[in-house]
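**Q** The following block contains a protein sequence and its predicted model.
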Amino acid sequence: MKQKKLAMLLVIFSPFAYAHPGEHHGGMLNAIAHLLSEPDHLAMAFIAVVVGVAGARFFRRRTAARTLAKRR
């Protein structure tokens, strides 16, 4: 029951949590320029790339280890 109440509170108050104040008019080019010009967006993109590369390496190594174990 507590989870339902918490979910309802989040739904009720979520419109008040604006990431950036003001209006965001413009096309796709303005959105891309905004994402590439803000330091916080660049940091999150960098973190996403690092996590993606680390995950790919992890799964590639795991797959290679399983393949090697099956051959033995």
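**A** Nice, thanks for sending it over. Numbering: from 1, shown residues only.
**Q** count of neighbours near Phe46?
**A** The burial count assigned to Phe46 is 10, neighbours taken as other C-beta atoms under 10 Å. C-beta coordinates here come from the backbone N, C-alpha and C atoms, glycine included.
**Q** ok, now the one 3 residues further on?
**A** As a burial measure, the neighbour count of Val49 was computed by other C-beta under 10 Å and equals 10.
**Q** Please apply the same query to Leu10.
**A** Leu10: 10 surrounding residues under other C-beta under 10 Å.
**Q** Which strand or helix spans the residue nearest in space to the middle of the chain?
**A** The residue lying closest to the centre of the chain (C-alpha atoms, centre = their mean) is Ala48, at 6.3 Å. Secondary-structure element containing Ala48, defined by DSSP states H and E: helix 39-71.
**Q** Let me see the mean pLDDT of that helix.
**A** Averaging pLDDT along helix 39-71 gives 93.
**Q** and what of stretch 12-32?
**A** pLDDT averaged over stretch 12-32 gives 69.
**Q** Now Leu42. Nearest residue, chain neighbours left out?
**A** Leu36 (7.0 Å; C-beta to C-beta, 6 or more residues apart in numbering).
**Q** Per-residue pLDDT of the one you found, please?
**A** At Leu36, pLDDT is 86.
**Q** could you say what helices and strands the strand or helix carrying it packs with?
**A** Applying DSSP H and E as the criterion places Leu36 in helix 28-37. In this structure, helix 28-37 packs against helix 39-71, with contacts taken as 3 or more C-beta pairs under 8 Å, 6 or more residues apart in numbering; DSSP states H and E.
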